[in-house]
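[1] sequence first, then the predicted structure, then my questions.
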Amino acid sequence: IMTSFEDADTEETVTCLRMTVYHPGQLESGIFQSIRFYNREKLSSSEVVKFGRNSNVCHYTFQDKQVSRVQFSLQLFKKLNSPVLSFEIKNMSKKIDLMVDSSKLGYLNKMDLPYKCMVRFGEYQFLMEKEEGESLEVFETQFIFSPISLLQENNWPPHRPIPEYGSYSSCSTQSSSPTEMDENES
Amino acid sequence: MCPDNKPGSERQTQDSLVAGFPSGRLWPMEKPFTVLRVSLYHPTLGPAAFTSIPPRLQHDINPLLIGRGQGAHLRLQLPNLSRRHLSLEPYLEAGSTLLAFCLKSLSRKGCVCVNGLKLTYLEQVPLSTVNKISFSNVQMVVHLEKGTSLEAFVCHFHLSPSPLIYRPEAEETDDWESIPQEQPPLGSGEQTPGHVGFLHGPPQTWDSLLQPSPGGGTEI
């Protein structure tokens, strides 16, 4: 056994897209019943992954009539002359805009998915986080279930660290390092 | 796939969309399809490489797969072509209502050259109005005529007996290859496809790619 371990090909790390999801009606409605939470699924790097209500077309489905048959899609691509794999998200819904942080995507609009971002449509919240990997052949997805809303009142967008003294202010220009004061200024 | 439209025009009839005329008559609102006019050439196999290519292909707004495999929407019977070699993906640019296309290389072993730019696996580039594309000895010139339909697009295929691309391999590009391309008028129906001849020298504009070449192109 030790010989096969030592002789085996070196494994490459795999790009992983972690999706933490929340919907206010998630407990009563069973909208996420088709999702295998915490399971890491390997997919081909050339696959276009669709999310929506139609299980014949979509890889990940939501049991909710307010979700479009195909809501949005994700695919990997490689930026020119870069070894890094990036995700691209595309809105496939004619009726519902897709929000990626503060960017609004209409039907067939697409954009690069930031390595960490909030994707929203309707009342659905997806916190997307990408872990970089070496492999160009496959990537992984993992769904995480969030019992609480992912938006600002909880932890999105991430706040700056609150200083030990004083109070947090979004308009604050206070520097993070102590400033010297002349004793006559106190 | 959308149903065929009336002959003589590339339009999609949408019964659910009607326009009221002052006379009180209602006519269905027809949206012209975006048309990709595709010219194909193979240096050794000639038209025999493209026997399974129909003269016209209508496709929905999902990516169009080109390759050797059964899952490809456009199958080319070439042994050195990957089963999924490249895709043409329709999408909308922000603020635009006309389909744009993104070409993505899906071949792990081969590459695709688009307007002199070499794409390896998973690299992609948006298409321009006129595009010189080469892969696995295939030369393909794609001319994009934009239409307003967002349901589907149409490809018209022309098999060329003569070479289409002056420099099929990705090399250092000359200045003339970066001349900006003009947008064509909206597709208003089928037009006679211009024969894409061989380039005899640096063109002044991309329009010269569409000038009819009497007797076919001349190989350099």
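    Structure received.

[2] please count neighbours and contacts with C-alpha atoms only from this point.
    Noted.

[3] enumerate the residues of chain B near chain A.
    Residues of chain B found near chain A (CA under 8 Å from any CA of the partner chain) are B:90, B:91, B:92, B:93, B:94, B:106, B:119, B:121, B:122, B:123, B:124.

[4] doesn't the first one belong to a strand?
    Spelled out, it's residue B:90. Yes: remark: residue B:90 belongs to a strand, assigned using DSSP: H, G, I helix; E, B strand; the rest coil.

[5] residues near the nearest residue to it once chain neighbours are set aside, how many?
    The shortest distance from residue B:90 to any non-neighbouring residue, by CA to CA, 6 or more residues apart in numbering or on different chains, is to residue B:101 (4.5 Å). For residue B:101, the tally of surrounding residues (other CA atoms under 10 Å in any protein chain shown) stands at 20.

[6] correct me, but residue B:101 touches residue B:93?
    No: the pair residue B:101 and residue B:93 fails to qualify as a contact (CA atoms under 8 Å) at a distance of 9.4 Å.

[7] report the contact partners of residue A:109.
    With contact taken as CA atoms under 8 Å, 6 or more residues apart in numbering or on different chains, residue A:109 is in contact with A:90, A:91, B:91, B:92, B:93, B:94.

[8] quick check, pLDDT for it.
    As predicted, residue A:109 sits at a pLDDT of 98.

[9] for residue B:44, same thing?
    Model confidence at residue B:44, given as pLDDT, is 89.

[10] what number of residues are in the vicinity of it?
    Residues near residue B:44, counting by other CA under 10 Å, number 10.

[11] that one and residue A:106, how far apart?
    Look at residue B:44 and residue A:106: by CA to CA, to the nearest Å, they are 45 Å apart.

[12] hang on, the earlier thing: considering the contacts of residue A:109, which possesses the most neighbours?
    Compared across the contacts of residue A:109, residue A:91 has the highest neighbour count, 27 neighbours, by other CA under 10 Å.

[13] okay, stretch B:107-115 in PDB with CA atoms only?
    Extracted C-alpha coordinates of stretch B:107-115, given in PDB (Å, rounded to 0.1, in the frame of the first residue of the first chain):
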ATOM      1  CA  SER B 107      -9.900  21.300 -26.900                       C
ATOM      2  CA  ARG B 108      -7.300  20.100 -24.400                       C
ATOM      3  CA  LYS B 109      -4.800  19.000 -27.100                       C
ATOM      4  CA  GLY B 110      -5.500  21.400 -29.900                       C
ATOM      5  CA  CYS B 111      -5.900  25.100 -30.100                       C
ATOM      6  CA  VAL B 112      -8.000  27.700 -31.900                       C
ATOM      7  CA  CYS B 113      -6.700  30.800 -33.600                       C
ATOM      8  CA  VAL B 114      -9.200  33.700 -33.800                       C
ATOM      9  CA  ASN B 115      -8.000  36.800 -35.700                       C
END
